[in-house]
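Visitor: Here is the input, now give the coordinates:
(one chain, ligands or ions: 1)
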Amino acid sequence: MDLFGHLSSHNYGELHFKLDKASGLKAIVAIHDSRLGPALGGCRFVHYETDESAVVDALRLARGMTYKAALAGLKHGGGKSVIIRPRGAFDRRSLFRAFGQFLEDLGGHYITAEDSGTSIEDMDVIRSVTKNVTGIDMSRGGSGDPSPFTALGTRRGIEACVRQKLGKDSLKGIHVAIQGVGHVGYYLSKELHAAGAKLSVADIDPLKSERAKREFGAEVVTLDKIAETPCDVFSPNALGAGLNDQTIPSLQCPIVAGAANNQLAEPRHGEDLHARGILYAPDYAINAGGLVNVAQEVLGYDANVSREKTLKIYDTIFDIAERSKKSNLPTYRVADMLVEERLAAASQSSS
Ligand code: NAD
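Guide: This is a model prediction of the structure:
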């Protein structure tokens with residue numbers, strides 16, 4: 001792999017590796033950008049076929065964190081870490097203690113959090129070695145489950161889109177088709193139902209869609225029909241790449257706004273949505289509530305402050321939608337440009 005070529009083409013700052021023979025730890029920390037503050041981002045603990053695929057995963061994810069943190073107005077850069085899950089037996093506590101020591105040695109350049117394959121218990125073990133960790137247990141000053149905050153921010157983003165695109169100040173009677181009612185999708189349904197919206201839902205787990213029907217009066221739709229449901233807002237809250245060549249032509253809505261990460265299969269799909277006159281709320285702008293909540297842990301956790309900051313996602317999404325309308329640029333490009341301006345301003349003020 002052309003490592004330095006890859007780093008330079010994605011404007012990377014740092015890439016750190018740790019091999020700890022005693023515990024068997026093989027870990028990578030990718031710090032994409034730290035101009036706005038120490039890098040913040042989750043730690044994955046999964047199997048990788050090759051070391052190279054672990055490096056690529058860390059690099060790919062850290063860059064997205066820079067953009068999400070900058071647009072949310074956080075004083076953090078973007079980072080991500082990966083612990084390569086051993087194939088044989090291992091002592092989980094020793095592994096995560098060794099990882100904590102790795103973060104301590106990095107001197108606070110990177111602050112970790114939960115991600116795929118890691119848990120609150122793992123974060124607690126890391127915390128016994130270093131303070132450069134978030135997502136610890138609430139009883140120890142942690143911020144708890146990020147999903148309700150992600151859902152709150154997503155609801156606010158939907159409100160901004162409805163205001164800007166449909167000229168309505170309320171969600172009363174607004175029809176939202178929700179793809180995926182897992183952690184975030186469930187709390188989002190709750191928020192939208194309380195605001196008077198009408199819901200259609202689909203989930204591969206029938207128990208989850210039935211729960212939304214029971215608790216929020218949602219109509220249950222089949223998986224293949226949810227994206228083409230005639231509605232005011234299509235809200236992806238399942239997996240990535242859901243906005244693609246197959247789904248975009250069949251959308252029957254003026255707004256796409258949901259919490260799923262990496263919704264556009266490719267950037268050009270952001271152009272396609274714009275060309276169809278559909279207002280797309282950029283994923284990393286609308287789903288930042290969980291990150292806002294985790295970042296509050298670094299400052300001293302207060303759920304009310306997290307909530308106040310998360311409510312501001314309305315202003316961010318409204319601003320992006322307005323700029324897109326005035327400039328005739330797709331919203332995903334407007335969001336990227338706003339981030340790039342903020343990062344450039346941070347470079348200037350530090351030089
Ligand atoms: P989750 O696993 O709890 O929920 C995802 C749900 O989608 C599950 O119920 C699953 O059964 C369902 N699903 C999977 N494939 C589907 C399909 N093809 N059609 C319909 N439903 C399908 O995950 P989550 O934590 O709720 O996260 C959802 C999305 O939001 C992910 O893309 C995640 O990266 C993103 N996100 C989550 C948070 C957070 O705070 N949890 C923060 C930011 C972004």
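
Visitor: Now do the nearest residue to Gly73 once chain neighbours are set aside against Val292, distance only.
Guide: Distances taken as CB to CB, 6 or more residues apart in numbering place Lys312 nearest to Gly73, at 7.3 Å, with adjacent residues excluded. C-beta coordinates here come from the backbone N, C-alpha and C atoms, glycine included. Distance, Lys312 to Val292, using CB to CB, to the nearest Å: 9 Å.

Visitor: who has more neighbours, the two?
Guide: Each of Lys312 and Val292 had its neighbours counted (other CB atoms under 10 Å), and the higher figure belongs to Val292 (28 against 16).

Visitor: Quick one: residues contacting that one.
Guide: Contacts for Val292 (CB atoms under 8 Å, 6 or more residues apart in numbering) come out as Ala72, Leu74, Phe149, Gly153, Ser306, Lys309, Thr310.

Visitor: Show me which of these is closest to Ile255.
Guide: Within the contacts of Val292, proximity to Ile255 (CB to CB) peaks at Gly153, which comes in at 15.8 Å.

Visitor: Go ahead and produce CSV holding the CA coordinates of the one helix or strand that closest one maps to.
Guide: Element membership of Gly153, judged by DSSP states H and E, is helix 147-161. Once side chains and other backbone atoms are set aside, the C-alpha atoms of helix 147-161 remain, and they are given as CSV (Å, rounded to 0.1, in the frame of the first residue of the first chain):
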residue,chain,number,x,y,z
SER,A,147,-29.0,7.0,20.4
PRO,A,148,-31.6,9.3,22.0
PHE,A,149,-29.4,12.3,21.3
THR,A,150,-28.9,11.2,17.7
ALA,A,151,-32.6,10.8,17.3
LEU,A,152,-33.3,14.2,18.9
GLY,A,153,-30.9,15.9,16.4
THR,A,154,-32.4,14.0,13.5
ARG,A,155,-35.9,15.2,14.5
ARG,A,156,-34.6,18.8,14.6
GLY,A,157,-33.0,18.3,11.2
ILE,A,158,-36.3,17.0,9.8
GLU,A,159,-38.1,20.0,11.2
ALA,A,160,-35.6,22.3,9.5
CYS,A,161,-36.1,20.5,6.2
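
Visitor: So which other helices or strands are in contact with the next helix or strand after it?
Guide: Helices and strands here follow DSSP H and E; after helix 147-161, the next one along the chain is strand 175-179. For strand 175-179, the helices and strands in contact under the criterion 3 or more CB pairs under 8 Å, 6 or more residues apart in numbering; DSSP states H and E are helix 183-194, strand 198-202, strand 233-236.

Visitor: Contacts for the longest one next, please.
Guide: Contact with helix 183-194 is made by 145, 147-148, 150-152, 154-155, 158, 171, 176, 178-179, 181, 199, 201, 203, 208, 211-212, 215-218, 235, 237-238, 258-259, 287, as judged by CB under 8 Å, 6+ apart.

Visitor: State the mean pLDDT of that helix.
Guide: Helix 183-194 shows a mean pLDDT of 97 in the predicted model.

Visitor: Now do the helices for the protein: every range, in order, please.
Guide: Listed in chain order, the helices of the chain (DSSP state H) span residues 3-9, 51-71, 92-105, 120-127, 147-161, 183-194, 206-216, 268-275, 283-286, 289-299, 303-311, 313-327, 331-350.
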